[in-house]
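> From the sequence below, what's the structure:
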Amino acid sequence: MENWMFAGLLILIAWFVKDWLSWDHLAFTTTGDEAMLLGAQNAFLGKSQFQDLSGLVIGHAFLERLLFSMVANDDTAAVRTWASFNVDGQRKVCFTSDIRGICPGFFNNVKLDGANTWVLKVFAALPGTYNESNSFFTTSLQMQGTTSALIDERKTIWVPHQVDIFDIQVPKGMVGGELQIFEPHDSEERARNPTNLKYRGAPAYVEAAEENKRTTMPGNAYYTWTDFSLPDVRSVNSARRVSLVLEQYKIANASYPYTGELEIWSEETPSTRGIFAFSAVLFGCGGAAVGLISARQAIQNQDIVGTLFPVIAGAAAAAVGGLAVAWLFINAAWLITSTLATALELSQNYYIYSPELTAWFVITLVLGSLWLGIVQSFKWYLDRFVNQEQREEMKEFLNSFAAGEASVTKRSAAAPAATAPPTPASTDAGKDTAPAPAAEAGSGSGSGSGSGSVSVSVSVSVSVSVKGKRASKRD
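Next comes the predicted model:
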């Protein structure tokens, strides 16, 4: 039996390793024969429509936060997701959301027939030292076109069917800042090394930036923007370069249920009450269980106060600990995120076998160390605050609880046998099985009266409770 269990465990481990090392599958809805530039249209919107759309984008808090993070991190270009939605969430975006102004002029005019999922992004850039670079294609932005629709489907990356880029703001006198479109040479390598420059080749098209310009490309194309410089920078508002990026997907019917209806950026900070409540309840239940185990003796003695006090005290103390853990979790999330991001970034340059394998190894090592620390902390708690007798009681209680009805049945069947009077013993002289001299203890006369019978039952029960002591035989 153990050999079969060991073999099954090895097969399960092998399957996990194979699944872990397998690459993601790219799902294309394009044929691959499309031109890398499907269209470039200047003055795409009317003047009033463009003013309304640009006012919405430039005045929105999302762009303000994006530019603030770029300045804080000393970045010159960034692309961030503003909203993602499917057909079911389209009505909410266009009628009830705070970005509904994108629909009349932009979204309704570029929406692709047959598309059922969309991801709206914002590209923002600030001036740099492009005029001092040695190449016309200098860029500090990683290659775009490698992201997927926000769907929860393992090992499948959906590639957009079409990408539309719309220039919102272009600084006057800008040098550089062109849109570069590249052909996808190796689709599988694209998933493995999306930022590796050697897989992009030379740009197939270079489009100059111009306000109110729409550029359309197939979803399987790479694209990025070159850096730019300005002769005079007076303020961030006048020097920024802003564009909308709309990725349009044609998700298969089998995968569509995994798409999100609507995920939109919000300036409101998510409430943490749920985290605190969940942590307090979870730890409180655990503390109550520990208190119940420690009050086992009081339960057997039917001591209500002695039973309730450890349970209530354990639940209250554990709930306070749960609140502390929730606070640490909320405030330490950025540290964990930054640590993982740093590990992933380092694994791109310093890795063994592959960046992905190295990153997973580091993450597994960290999680394993964390789990080992939790186990050792619990062991230290038991050794420090729980004595040997209490540990044995806890162990016996858990074993009895795991036994279930079998343990209860055995105990209930054994209880009557321990208190029932034995059968009258034989009067043979050679057998030492006679009952205790109850007659003398009861009446002192040795008669077989009713009071003598009662005395016999009492004396027998006492003799049984004294661990096998034999009563002397009397005629």
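> CA atoms only: put stretch 243-258 into CSV for me.
Presented in CSV, the C-alpha positions along stretch 243-258 are these (Å, rounded to 0.1, in the frame of the first residue of the first chain):
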residue,chain,number,x,y,z
SER,A,243,-2.2,58.7,-26.0
LEU,A,244,-5.1,56.2,-25.6
VAL,A,245,-4.5,52.6,-26.4
LEU,A,246,-7.5,50.3,-27.0
GLU,A,247,-6.9,46.6,-27.3
GLN,A,248,-9.8,44.7,-28.9
TYR,A,249,-10.1,41.0,-28.3
LYS,A,250,-12.2,38.3,-29.9
ILE,A,251,-12.3,35.7,-27.1
ALA,A,252,-13.7,32.3,-27.9
ASN,A,253,-17.0,31.3,-26.4
ALA,A,254,-15.4,28.7,-24.2
SER,A,255,-13.1,31.3,-22.6
TYR,A,256,-15.5,34.2,-22.5
PRO,A,257,-17.0,33.3,-19.1
TYR,A,258,-13.5,33.8,-17.7
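> okay but Gln221 is in contact with Val163, surely?
Quick fix: residue 221 is Ala, not Gln. Yes. With contacts counted by CB atoms under 8 Å, Ala221 reaches Val163, the gap being 7.2 Å. Quick note: C-beta positions are derived from backbone N, CA and C, even for glycine.
> Can you pull the residues that touch both of these two?
When contacts are counted by CB atoms under 8 Å, 6 or more residues apart in numbering, Ala221 and Val163 have Gly145 as shared neighbours.
> hang on, isn't Asn220 packed against Val159?
Yes. Under the criterion of CB under 8 Å, Asn220 is in contact with Val159, at a separation of 5.5 Å.
> So those two - more neighbours on which side?
Neighbours were tallied for Asn220 and for Val159 using other CB atoms under 10 Å; the higher tally belongs to Val159 (26 against 23).
> how close does the more buried one get to Thr117?
As for Val159, its distance to Thr117 is 12 Å (criterion: CB to CB, to the nearest Å).
> Same check on Leu26?
16 Å.
> Pick out whichever of those two has more residues nearby.
Set Leu26 next to Thr117 and count neighbours by other CB under 10 Å: Thr117 wins out with 25 against 17.
> who touches the nearest residue to the more buried one once chain neighbours are set aside in this structure?
Residue nearest to Thr117 in three dimensions, not counting chain neighbours: Tyr249, with 4.1 Å by CB to CB, 6 or more residues apart in numbering. The contact partners of Tyr249, by CB under 8 Å, 6+ apart, come to Thr29, Ala115, Asn116, Thr117, Trp118, Val119, Ala149, Trp158, Pro160, His161, Gly219.
> How many residues are close by the residue nearest to Cys103 when sequence neighbours are not counted?
Counting by CB to CB, 6+ apart, Cys103 lies nearest to Cys94, which is 3.8 Å off, once chain neighbours are set aside. As a burial measure, Cys94 scores 17 neighbours (other CB under 10 Å).
> Need the per-residue pLDDT for Cys94.
For Cys94, the pLDDT comes out at 93.
> Within the helices and strands, which one has it?
With elements delineated by DSSP states H and E, Cys94 resides in helix 87-95, which encompasses its position.
> Please save the CA atoms from that helix in CSV.
Provided in CSV are the C-alpha atoms of helix 87-95 (Å, rounded to 0.1, in the frame of the first residue of the first chain):
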residue,chain,number,x,y,z
VAL,A,87,-19.8,43.0,-23.7
ASP,A,88,-21.7,42.7,-20.5
GLY,A,89,-19.8,45.5,-18.9
GLN,A,90,-19.8,47.8,-22.0
ARG,A,91,-23.1,49.4,-21.0
LYS,A,92,-21.8,50.3,-17.5
VAL,A,93,-18.7,51.9,-19.0
CYS,A,94,-20.7,54.0,-21.5
PHE,A,95,-23.6,55.0,-19.3
